[in-house]
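Enquirer: let me see the structure of the following:
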Amino acid sequence: MSEHQENEEQSQALVPTTHFGYQEVPEAEKEQLVKGVFSSVASKYDLMNDLMSLGVHRLWKRFTVDLARPRPGQRVLDLAGGTGDLAAAIYPRVRPNGSIVVSDINAEMLAVGESRLADKGIIAGVEFVEANAEALPFPDREFDIVTLAFGIRNMTHPERALSEIYRVLKTGGRALILEFSHPRWPGLQSIYDLYSFNLLPRIGELIAKDRESYQYLVESIRRFPDQETFKMMMEDAGLARVEVFNLSGGIVALHRGFRMD
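Expert: Numbers count the residues shown, from 1 in each chain. As a prediction, the model looks like this:
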């Protein structure tokens, strides 16, 4: 091996990597790869969630809003807010003098969400902010509630996002993170794997003309930490009284934690 080849291999070895589905990619590339996935599926995002959850995601999100217990006058941050369906459910509970910030790293997703909320007459008291959840452009202790549904598994450094969530929460504020997880019922994992790995990418190809994006989304679910590991990650970020709510046998888990200091 030449000295040039050896130096090149050493340089490549020093580049930090992370997972993109089952692929290992340079950390610096993952953000753009994920953006590409969601730019591709933005117009069909709700359909995607219907396919991945067999339509049950609407019930999971309703449970999340109920557990968040938003009240009039509160300020809420919905991270990875996507098409705005969670914000739409929270909105009537914080009005007339409360407000919601819908934040997403993907401009196409935000555009879909802003348009859909406007169609529902949800305009006043809602702000749309394009931002990276790992480096939020908001002051410390700004929000009473932070929600994050089906987004944290796509982040390059989820631990940084958790630290940012903690930072922007007020004392007594709560974070609710809804994410696909690891089934707890015996036999459910194999059934869900059969559906998600074999059928879902094919359905994505037929309906959305995008097999690769759906394949990534399935793989990203399998790479995400289990319920207890993610609970510890939230606690490491400073959140207290973290609880885990397994939904649909653990196919999805809702984690809730509080900022107590």
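
Enquirer: what's the burial count for residue 59?
Expert: 13 (other Cβ atoms under 10 Å). All C-beta spots, glycine's among them, are computed from the backbone N, C-alpha and C.

Enquirer: ugh, wrong one, residue 140
Expert: Residues near residue 140, counting by other Cβ under 10 Å, number 9.

Enquirer: and for residue 54?
Expert: Neighbour count for residue 54, taken as other Cβ under 10 Å: 11.

Enquirer: same check, this time on residue 123
Expert: Using other Cβ under 10 Å, residue 123 has 9 neighbouring residues.

Enquirer: residue 192 now?
Expert: Using other Cβ under 10 Å: residue 192 sits among 20 other residues.

Enquirer: ok, it to residue 200 distance?
Expert: 10 Å (Cβ to Cβ, to the nearest Å).

Enquirer: ok, now residue 48?
Expert: According to Cβ to Cβ, residue 48 and residue 200 sit 9 Å apart.

Enquirer: anything in contact with each of the two?
Expert: Here residue 48 and residue 200 have residue 214 as joint contacts, going by Cβ atoms under 8 Å, 6 or more residues apart in numbering.

Enquirer: more neighbours, those two?
Expert: Counting neighbours by other Cβ under 10 Å for residue 48 and for residue 200 shows that residue 48 has the greater number, 23 against 18.

Enquirer: so the more buried one is in which element?
Expert: helix 45-53 (DSSP states H and E).

Enquirer: next SSE downstream of that helix?
Expert: Helix 45-53 is succeeded, C-terminally, by helix 57-68 (DSSP H and E).

Enquirer: show me what the helix or strand following that following helix is packed up against.
Expert: Once helix 57-68 ends, the next helix or strand along the chain (criterion: DSSP H and E) is strand 75-79. If contacts are counted by 3 or more Cβ pairs under 8 Å, 6 or more residues apart in numbering; DSSP states H and E, strand 75-79 sits against helix 85-94, strand 99-104, strand 143-149, helix 158-168.

Enquirer: can you list contacts of strand 75-79?
Expert: If you take Cβ under 8 Å, 6+ apart as the criterion, strand 75-79 is touched by 68, 70, 84, 86-87, 90, 94, 98-104, 133, 138, 142-149, 151, 161, 165, 168.

Enquirer: now residue 50: how far from residue 67?
Expert: 22 Å.

Enquirer: same question but for residue 250, I mixed them up
Expert: Separation of residue 250 from residue 67 (Cβ to Cβ): 17 Å.

Enquirer: the two: who's more crowded?
Expert: Between residue 250 and residue 67, counted using other Cβ under 10 Å, the more crowded position is residue 250 (20 against 15).

Enquirer: so what's residue 34 scoring on pLDDT?
Expert: pLDDT, residue 34: 68.

Enquirer: ugh, wrong one, I meant residue 147
Expert: 99.

Enquirer: is it true that it touches residue 84?
Expert: No - using Cβ atoms under 8 Å, residue 147 is not in contact with residue 84; the gap is 11.7 Å.
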